[in-house]
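[1] just a sequence and a predicted model for now, questions to come.
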Amino acid sequence: MNENVLVIGYKGIDFENGQGKRIKNCKVTYIPNFKVKDELSHGYLPIQIKLEEDIKNSLKEVPGIYKPIYTMLPGSNNMPKPTLTGLEFVKSADLTSLFK
C-alpha cells in the first residue's frame, strides 16, 4: 500500500462557513502508480483528497513523487481503515518536458 504517487497540485482552502466556523484544509491532487482498466475506465485516474492545512509544509516540490503515509483509523463496525494522513517527498518530477 505504500507505493509512490505523483502529486500534481494542491489548493488551500480557508473560509468561514455559515455557522461562523473557520474551515482550513488543503485539497491535494495526485496520480497513483497503478492503471485502471475496466469496462468504463482506462488509464491513470487522478485522486483528490482533503488533508490538514499543514500538509502544504511537507510538499517541497509540486509536481513531485511522494510516498504516502497511512494511519489506521476505525471504520464501520470498528474495522481498521487505512487513511492517507501525510506525504513524504521522494524526488521532483518535470512534467513540462512531456508537453514539448
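    Happy to help now that I have it. Residues are numbered from 1 along each chain as shown.
[2] could you use CA atoms for every contact and neighbour count after this?
    Fine.
[3] Leu87 looks like it's in a helix, true?
    No - counting by DSSP: H, G, I helix; E, B strand; the rest coil, Leu87 falls outside a helix, being strand.
[4] just confirm it contacts Thr71, I think it does.
    No - assessed by C-alpha atoms under 8 Å, Leu87 is found out of contact with Thr71, at 11.7 Å.
[5] who has more neighbours out of the two?
    Leu87 (19 against 12; other C-alpha atoms under 10 Å).
[6] what residues are up against that one?
    Contact analysis of Leu87 by C-alpha atoms under 8 Å, 6 or more residues apart in numbering lists 55, 58-59, 66-69.
[7] residues in contact with the nearest residue to it once chain neighbours are set aside?
    Once flanking residues are discounted, Leu87 sits nearest to Pro68: 4.7 Å by C-alpha to C-alpha, 6 or more residues apart in numbering. Pro68 makes contacts with 2-5, 84-88, as judged by C-alpha under 8 Å, 6+ apart.
[8] before we move on, the earlier item: most neighbours among the contacts of Leu87, which one is it?
    That'd be Tyr66 among the contacts of Leu87, by other C-alpha under 10 Å, with 25 neighbours.
[9] thinking it is in contact with Gly86, fair?
    No - judged on C-alpha under 8 Å, Tyr66 makes no contact with Gly86 at a distance of 9.4 Å.
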